[in-house]
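Undergrad: Build me a model:
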Amino acid sequence: MKTHQQINCLLSLLIMLSFVDSLLHGRHHFRRVTTLARSWSVLYSGDTNSYTLRLSIPDPSTCEEIGALISAFAEPPDVLLLDGDLGAGKTTFSRGFIRNKLGANNEAITSPTYLLSNTYSYRLNNTVQEIRHMDLYRLSGSHGDEFSPLDLNFVFSKCISLIEWPSRLPEELQPPSESRMNIKLTITPATDEREMVLAAPFGSTWCDRLRNMVGDGFVDDLLLHSTDRGNK
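TA: Numbering: from 1, shown residues only. Sure thing, here's the model as predicted:
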């Protein structure tokens, strides 16, 4: 497992090697890798049982691609709590996640604001599994009865769930911490820059999965591809 200091050293080495390459082949490659190095960071909270990954989102397509990447690591009964600014990309992230999990790039994925929940089915080891995509914006969260149609006990034990506006969930209906990941998307009004923070709380199995995702280079590959696309 790489420590935060080791990761910074590796990124510094990457930038140094890129600088040498830029001297030989021009400056464009150096600019791309420097941008990549500023595009994500890892934070440890307390001990190594918690993990936070902070990502810069240059455009909506990157947000959708991150959703697709996360879906490759997800399995029932994972719960992804999607919070943040209105219009920051919660549904865009969900679209990438669901399409990749279903293997259907043209599947119409919309926010279930009025329906509260949409259900999508996919196959895993010859077994039909479900993804529940919920939007709790219209619920007050003041009493548990309004959540009864969502059948959360079943969802949190058998399905993958993506929940927009999770702050509406009352304390007694919170999902188990071991299968939960908190995702927050924000917009800086002055610049329209967007940021995504993925946080696995203490005891969540997402701690190791996020570490592996970073350690195996998936985040580097994704953001370098996004930077390349933006420079074209």
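Undergrad: how about the helices in the protein?
TA: 4-25, 28-37, 60-71, 90-102, 152-158, 206-215, 218-231 (DSSP state H).
Undergrad: Mean pLDDT lowest where, among those helices?
TA: Among those, helix 28-37 carries the lowest mean pLDDT, a mean of 30.
Undergrad: Output stretch 63-70 as PDB - backbone C-alpha positions only.
TA: The C-alpha coordinates for stretch 63-70 follow below in PDB (Å, rounded to 0.1, in the frame of the first residue of the first chain):
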ATOM      1  CA  CYS A  63     -18.200  12.700 -14.800                       C
ATOM      2  CA  GLU A  64     -20.000  10.000 -16.800                       C
ATOM      3  CA  GLU A  65     -16.700   8.000 -17.400                       C
ATOM      4  CA  ILE A  66     -15.900   8.100 -13.600                       C
ATOM      5  CA  GLY A  67     -19.400   6.600 -13.000                       C
ATOM      6  CA  ALA A  68     -18.600   3.900 -15.500                       C
ATOM      7  CA  LEU A  69     -15.200   3.200 -13.800                       C
ATOM      8  CA  ILE A  70     -16.800   3.000 -10.300                       C
END
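Undergrad: how far is it from where the chain is centred?
TA: Offset of stretch 63-70 from its chain centre (Cα atoms, centre = their mean, to the nearest Å): 6 Å.
Undergrad: what does stretch 181-200 give?
TA: The answer for stretch 181-200 is 10 Å, by Cα atoms, centre = their mean.
Undergrad: got the end-to-end distance for that stretch?
TA: Start-to-end span of stretch 181-200 (Cα to Cα, to the nearest Å) is 5 Å.
Undergrad: Likewise for stretch 104-122?
TA: Stretch 104-122 end-to-end distance (Cα to Cα) = 10 Å.
Undergrad: what is the mean pLDDT for it?
TA: 91.
Undergrad: tell me which residues of it are tucked away?
TA: Applying a neighbour-count criterion of 16 or more other Cβ atoms under 10 Å, one finds 109, 111-112, 116-118, 120, 122 buried in stretch 104-122. Glycine gets a C-beta too; all of them are placed from N, C-alpha and C.
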